[in-house]
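# predicted model, plus sequence, below.
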Amino acid sequence: MNLSFQSIIFIKKRKHCYQSRLKKNLFSMKIAEPKKPFNILLADDDVDDRLLFAKALQEIEIYTNLVTVNNGETLMNYLLNEDIQLPHAIFLDLSMPGKTGFECLAEIKEKNKLNNLPIIMYTTSCTRPINFEDDLKKTLGKMGAQNYIRKPNDFEELKKIIHQSLIKIIEEVEFEPKENM
């Protein structure tokens, strides 16, 4: 199947190693960069948010490859395409027109081919009471999301959140580069 994706961005960074500034138990940790990039798929309908995410990803010291799509339908078509390599992680906007992040999350977790993919729900600031957001996090966790993060207004904070999310996923999946996935 030959798919046309309007908003695919490939970003590759060439660095030999990196040191995480993520503090865990009051210690800094050092992680060697894999030989193959950590593949990330971002689904977000806002072009500015996609560009900011890509810029933030370029500025953190993790070797990555980013693909972006601008809606839920395109996301699902991309993931179900047999000709693509699946990402190591998905950042999924909760509020997209058409097929929402909720719907995509549910569909991904129903498919055997996709249900082990780490998914980070990624959305704009919640204007509702804090208990609503706590309930939302619990619901998304029960649906299979690994994390829920709000898009911060500060670029440095965005870099920090993305970096922390990726470190957590890399540690959990014990990412090992492989020639063919």
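Here it is on my side, so go on. Numbering: from 1, shown residues only.
# Thr64 against Asn39, yeah?
Yes: in terms of CB atoms under 8 Å, Thr64 counts as a neighbour of Asn39; the distance is 7.4 Å. Heads up, the C-betas are built off the backbone N, CA and C, glycines and all.
# Lys138: which element?
helix 130-143 (DSSP states H and E).
# check Tyr122 too.
Tyr122 belongs to strand 119-123, assigned by DSSP H and E.
# need the residues that contact that strand.
Residues outside strand 119-123 that contact it (CB atoms under 8 Å, 6 or more residues apart in numbering): 42, 44, 89-95, 101, 105, 108, 140, 144-151, 165, 169.
# could you identify the buried members of those?
Taking 16 or more other CB atoms under 10 Å as the criterion, what is buried in those is 42, 44, 89-94, 101, 105, 108, 140, 144-149, 151, 165, 169.
# can you give me the helices in this structure?
Along the chain, counting by DSSP state H, helices occupy 47-59, 72-80, 101-110, 130-143, 155-173.
# nearest to Pro118, out of the ones you listed?
helix 155-173 (4.8 Å; CB to CB).
# return the list of helices and strands in contact with the closest one.
strand 18-24, strand 38-43, helix 47-59, strand 89-93, strand 147-150 (3 or more CB pairs under 8 Å, 6 or more residues apart in numbering; DSSP states H and E).
# rewinding a little: hey, least reliable of the helices of the chain by pLDDT?
Sorting the helices of the chain by mean pLDDT places helix 130-143 lowest, at a mean of 76.
# so for stretch 100-109, what gets flagged as buried?
Thr100, Gly101, Phe102, Cys104, Leu105, Glu107, Ile108.
# of the helices and strands packed on helix 155-173, flag the one that's most buried.
strand 89-93 (a mean of 26; mean count of other CB atoms under 10 Å).
# contacts for it?
38-46, 49, 53, 75, 101, 104-105, 108, 117-123, 145, 162, 165-166, 169.
# what is the mean pLDDT for that strand?
96.
# with stretch 144-154 instead?
88.
# now the end-to-end length of it.
Terminal residues of stretch 144-154 are spaced 28 Å apart (CA to CA, to the nearest Å).
# so what's the residue count around the closest residue to Glu103 other than its chain neighbours?
In space, and not counting its chain neighbours, Glu103 is closest to Gly72: 6.2 Å by CB to CB, 6 or more residues apart in numbering. Here the number of neighbours of Gly72 (other CB atoms under 10 Å) works out to 23.
# and what of the one 10 residues further on?
When counting by other CB under 10 Å, one arrives at 6 neighbours for Glu82.
# just the pLDDT at it, thanks.
pLDDT, Glu82: 90.
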